[in-house]
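Trainee: build me a model from this:
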Amino acid sequence: MATPLQGVGFELRDSGGTVLRSGISDIDGLVDLGNVSPGTYALIETSTPSGFLPSGPYTVVVLANGDITIDGIPLASFLAENFPYPNISFSKTDSADDALAGAIFSLDDGAGTILYATSTVGGNVVFYTIPPGTYTITEIQAPFGFLLDTTPYTAVVFENGSIEIDGDPIAAFSVVNVDGPALEFTKTDNTPQSAPPVIDPVRNGLIPVTGTGVPGSTITVTWPDTTTSDAIVDYNNTWTATPTTPLVVGDTVSAIQTTPGMLPSDPATEPVQQASDAPVFDDAFEGDTAVTGTGVAGSSISVVWADGANSGGTVAGDGTWSVTSPIPLVFGDVITAYQTKNSCG
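Mentor: Take a look at the predicted model:
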């Protein structure tokens with residue numbers, strides 16, 4: 001339903017522009033221009049309510065029989081309508097045509113009045129009730145994660161309420177934000193990695209596994225059944241670990257070393273080999289600083305001391321071997337020696 005507009009002025013002019021009648025709409029929106037003679041006239045709106053677009057001009061035709069048409073519409077059906085100023089409305093999207101919220105735009109009339117609008121969650125940007133004129137639309141803040149569109153757009157609001165942006169109908173206009181640069185990088189741990197431990201030849205059965213490493217480091221041994229044992233490398237750089245179940249020839253034992261303040265090492269591996277014959281011990285006495293014995297020339301000798309530390313040696317060509325003790329022997333110490341012959345463990 002149309003709402004009456006009061007206080008709108010009109011003039012009826014002849015073909016030469018002479019004002020013949022004038023009137024102002026009353027509280028009911030009615031304009032009374034009095035009686036008129038047959039002829040063709042121009043009906044001009046001389047004052048437009050604030051916030052509305054002007055209407056007209058209209059062509060009035062008065063026939064000899066008294067009928068009147070305005071722009072071809074019978075007088076009884078004619079309404080001089082004023083439409084509110086239009087909204088400047090457009091879409092804000094990303095390069096995939098998805099709506100973007102939070103972009104802020106300014107609308108500058110060039111005469112000191114600047115309006116602001118922010119895109120909604122649906123990507124809509126609206127400047128409400130904008131009078132006819134020429135404006136500059138500028139994006140002043142892009143949504144986070146996108147690059148600012150620095151292009152100034154020229155918007156023209158015409159007297160008839162139509163709007164063009166940079167010469168094209170506003171219906172075809174939207175502002176696109178390009179994605180900002182990707183901020184991605186690799187986070188690494190620059191803690192140095194421990195060196196792999198050394199595993200001495202491994203023998204079948206429940207014979208302890210020995211090796212060397214960095215004093216104070218933890219050696220984690222993984223047995224063929226996937227269980228693990230930890231050992232600490234002693235001050236002689238040696239370590240010892242006893243398997244949880246008898247080792248079988250062909251199995252593999254692995255171990256990693258973790259030195260304090262460093263990352264664990266890559267694993268070292270050693271296959272389980274057939275145990276060689278035990279070496280022969282010479283008599284050992286309290287206070288001795290070495291143990292000796294005989295074995296197969298060229299074989300390796302591994303001695304496990306009473307405190308669990310181990311040391312190694314090689315059987316000489318004459319069949320004898322000697323391994324130095326870390327500390328002088330004490331009465332009652334139990335010392336174990338293993339012999340590794342050729343490819344046997």
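Trainee: all contacts plus neighbour counts: C-alpha atoms, from now on.
Mentor: OK.
Trainee: domains in this structure, by residue range?
Mentor: 9-77, 88-177, 198-273, 280-340 (automatic domain parsing).
Trainee: and stretch 94-109, what's buried?
Mentor: 94, 99-109 (16 or more other C-alpha atoms under 10 Å).
Trainee: which residues of the stretch 51-200 of the chain score low on pLDDT?
Mentor: In the predicted model of the stretch 51-200 of the chain, no residue satisfies pLDDT under 70.
Trainee: do you know how far residue 181 is from residue 99?
Mentor: Residue 181 is 19 Å from residue 99, where distance means C-alpha to C-alpha, to the nearest Å.
Trainee: apologies, that question was intended for residue 86.
Mentor: 23 Å.
Trainee: ok, back up a step: closest to residue 237 out of the buried residues of stretch 94-109?
Mentor: residue 94 (63.5 Å; C-alpha to C-alpha).
Trainee: ok, the closest one - contacts?
Mentor: Residues in contact with residue 94 (C-alpha atoms under 8 Å, 6 or more residues apart in numbering) are 100, 176-179.
Trainee: out of those residues, which are buried?
Mentor: 100, 176-177.
Trainee: secondary structure for these - can I get that in CSV?
Mentor: Shown next, in CSV, are the buried ones among the contacts of residue 94 (DSSP: H, G, I helix; E, B strand; the rest coil):
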residue, secondary structure
100, coil
176, strand
177, strand
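Trainee: so what touches stretch 192-211?
Mentor: 212-214, 219, 238-249, 253, 255-259, 262-275, 310, 340, 344-345.
Trainee: export the buried residues of stretch 94-109 to TSV and tack on distance to residue 63 and secondary structure?
Mentor: Output for these, formatted as TSV (distance: C-alpha to C-alpha, whole Å; DSSP: H, G, I helix; E, B strand; the rest coil):
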residue	distance to residue 63	secondary structure
94	60	strand
99	57	strand
100	58	coil
101	58	coil
102	59	coil
103	58	coil
104	57	strand
105	54	strand
106	52	strand
107	49	strand
108	49	strand
109	46	coil
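Trainee: and which of the residues you listed is nearest to residue 324?
Mentor: When these are compared against residue 324 (criterion: C-alpha to C-alpha), the nearest one is residue 94, at 77.3 Å.
Trainee: and the gap between the closest one and residue 226?
Mentor: In terms of C-alpha to C-alpha, residue 94 sits 54 Å off from residue 226.
Trainee: just the contacts of stretch 192-211: which are in strands?
Mentor: 212, 219, 238-241, 253, 255-258, 268-273, 310, 340 (DSSP state E).
Trainee: still on that earlier bit, among the contacts of stretch 192-211, name the buried ones.
Mentor: 212-214, 219, 238-243, 247-249, 253, 255-259, 263-275, 310, 340, 344-345.
Trainee: list the contacts for residue 158?
Mentor: Counting by C-alpha under 8 Å, 6+ apart, residue 158 has contacts 132-133.
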